[in-house]
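*Asks:* okay, predicted coordinates and the sequence, questions at the end:
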Amino acid sequence: MTWKNKILPAAAAIGLLIAIAVAVHSQRETPPAQPVAQPAQAPFKNYIGGAGLVEARTQNISIGTSLPGIVKTVFVEVGDKVKGGAPLFQIDDRELRADLLVRQASMVKARAAVTEAQASLKDYQAQYNLVRAATDRRAVSVDDVQKRRYAAELARAKLKSARAAVTAAAAELQATQTSIDRLLVRAPLDCEVLQVNIRPGEYAQTGVLSTPLIRLGDLDRLHIRVDIDENDAWRFQSGTRAVAFLRGNRDLKADLKFVRLEPYVTPKTSLTGSSTEKVDTRVLQVIFSFDRHVLPVYVGQQMDVFIETPGDQVSVAREASAAGAGGGN
């Protein structure tokens with residue numbers, strides 16, 4: 001037997017052994033993958049579970065601008081605590097500043113016209129008083145008296161017009177000043193800067209933006225907005241206990257305090273970062289609060305929330321329904 005004839009049986013035997021090994025290995029049970037972090041467990045016997053989103057006490061305030069333009073200066077940074085009325089950023093105001101100088105010059109001109117009209121009125125009124133006081137009617141003609149009287153009335157009307165021009169110039173000056181003030185965006189209340197998405201030289205647009213120019217919020221005490229499925233909404237009762245667990249570490253938790261209920265069931269927002277993407281699930285939103293120093297959490301972070309419910313709500317609901325039906329009969 002040649003060496004070629006010996007290789008073929010050996011290769012077949014090796015292939016058979018490999019096939020047997022693969023078959024044996026494939027029959028072994030694969031151990032289930034262990035989760036990176038153990039999920040939170042409800043501390044109550046009867047409860048409602050929901051996903052919570054951490055937000056500022058004032059909700060997350062999206063700051064925009066009422067007038068578009070190139071950003072000239074940004075006065076704040078992320079993490080700054082600002083007082084209400086403090087400047088946040090300013091739009092380029094050179095064009096309006098130039099217009100303001102024109103309005104100020106118009107104001108000076110209008111006031112000068114008032115002074116001139118007052119002097120003219122005094123002159124024409126004095127001339128009219130002179131001829132009107134004449135005792136000898138032969139010394140002054142009737143036509144001259146009428147001309148001087150009309151001249152005084154015309155001067156009086158011009159004075160009123162000049163004063164109206166001053167009022168109009170003042171209004172235009174105030175309007176320009178107001179537009180300049182609107183280019184300086186200020187904080188609406190005492191809060192903390194959460195995001196700064198605008199820099200000097202960039203164009204700031206008006207309207208509702210998917211990414212706000214600046215995001216603010218009062219973080220003295222954090223709120224958590226919990227989405228309760230509409231199928232469980234009837235089980236919720238305000239004033240019951242609630243606990244929030246930090247995702248990624250179920251040992252970190254905080255007792256929650258009920259703040260308010262928003263009694264309008266809305267489509268649940270898909271938490272993908274988009275403000276318009278929706279899913280079919282409808283939820284009831286309940287807001288709780290907790291001390292920001294209890295948990296190392298940040299605004300926008302998700303948490304697992306468990307809300308305690310009374311023991312036998314189904315029986316209570318049936319009894320209430322039966323009592324209502326009996327009262328109707």
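*Replies:* Nice, I can see it.
*Asks:* now do the contacts for Asn237.
*Replies:* Careful, residue 237 is Gln and not Asn. Neighbour list for Gln237: 309-310 [criterion: Cβ atoms under 8 Å, 6 or more residues apart in numbering]. Just so you know, the C-beta spots here come from the backbone N, C-alpha and C atoms, and that holds for glycine as well.
*Asks:* how much space between it and Ala157?
*Replies:* Look at Gln237 and Ala157: by Cβ to Cβ, to the nearest Å, they are 75 Å apart.
*Asks:* avg pLDDT for the lengthiest helix in the chain?
*Replies:* As assigned by DSSP state H, the longest helix anywhere in the chain is helix 142-182. Helix 142-182 carries an average pLDDT of 89.
*Asks:* just how off-centre is it within its chain?
*Replies:* The chain centroid and the centroid of helix 142-182 are separated by 45 Å under Cα atoms, centre = their mean, to the nearest Å.
*Asks:* give me the contact list for the helix or strand that that helix is followed by.
*Replies:* Next in sequence after helix 142-182, counting helices and strands by DSSP states H and E, comes strand 184-186. Strand 184-186 is contacted from outside by 63-65, 84-91, 93, 213-214, using Cβ under 8 Å, 6+ apart.
*Asks:* buried subset of the residues you listed?
*Replies:* For the contacts of strand 184-186, a burial check counting by 16 or more other Cβ atoms under 10 Å picks out 63, 65, 88-91, 93, 213-214.
*Asks:* now pLDDT, secondary structure and distance to Ile18 too, for the residues you listed, in TSV please.
*Replies:* Output for the buried ones among the contacts of strand 184-186, formatted as TSV (pLDDT from 0 to 100; DSSP: H, G, I helix; E, B strand; the rest coil; distance: Cβ to Cβ, whole Å):
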residue	pLDDT	secondary structure	distance to Ile18
Ile63	94	strand	67
Thr65	93	coil	70
Leu88	96	strand	70
Phe89	96	strand	69
Gln90	96	strand	74
Ile91	96	strand	73
Asp93	93	coil	79
Leu213	95	coil	64
Ile214	95	strand	65
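*Asks:* name the nearest of these relative to Pro263.
*Replies:* Ile63 (28.5 Å; Cβ to Cβ).
*Asks:* can I assume that closest one is in contact with Leu209?
*Replies:* No - if you go by Cβ atoms under 8 Å, Ile63 and Leu209 don't touch, sitting 10.0 Å apart.
*Asks:* just the helices in the protein please.
*Replies:* 3-26, 94-132, 142-182, 313-328.
*Asks:* run a quick neighbour tally on the closest residue to Ser106 other than its chain neighbours.
*Replies:* Distance criterion Cβ to Cβ, 6 or more residues apart in numbering; nearest residue to Ser106, sequence neighbours excluded, is Ala169 at 4.8 Å. By the criterion of other Cβ atoms under 10 Å, Ala169 has 20 neighbours.
*Asks:* go ahead and confirm Ala169 touches Met107.
*Replies:* Yes - if you go by Cβ under 8 Å, Ala169 and Met107 touch, sitting 4.5 Å apart.
*Asks:* can you pull the contacts of the residue positioned nearest the centre of the chain?
*Replies:* Nearest to the geometric centre of the chain sits Ser62, at 2.8 Å (Cα atoms, centre = their mean). By Cβ under 8 Å, 6+ apart, the residues touching Ser62 are 208-209, 212, 215.
*Asks:* quickly name whichever of those residues is closest to Leu189.
*Replies:* Nearest to Leu189 among these, with distances taken as Cβ to Cβ, is Arg215, at 13.7 Å.
*Asks:* check contacts around that closest one.
*Replies:* Applying Cβ under 8 Å, 6+ apart, the residues near Arg215 are 60-63, 193-195, 197.
*Asks:* again, 10 Å this time
*Replies:* The contact partners of Arg215, by Cβ atoms under 10 Å, 6 or more residues apart in numbering, come to 56, 60-63, 78, 191-197, 299-300.
*Asks:* the nearest residue to Ser238 once chain neighbours are set aside and Phe236: what is the separation?
*Replies:* Closest residue in space to Ser238, ignoring its immediate chain neighbours: Phe258 at 5.5 Å, by Cβ to Cβ, 6+ apart. With distances taken as Cβ to Cβ, Phe258 is found 10 Å from Phe236.
*Asks:* intersection of neighbour lists for these two?
*Replies:* 242, 286, 307.
*Asks:* any chance of TSV for these, columns neighbour count?
*Replies:* Shown next, in TSV, are the shared contacts of Phe258 and Phe236 (neighbours: other Cβ atoms under 10 Å):
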residue	neighbour count
Ala242	25
Val286	25
Ile307	27
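*Asks:* closest to Gln118 out of these?
*Replies:* Val286 (69.1 Å).
*Asks:* picking that back up, and which of the contacts of Ser62 is nearest Val265?
*Replies:* Val208 (23.3 Å).
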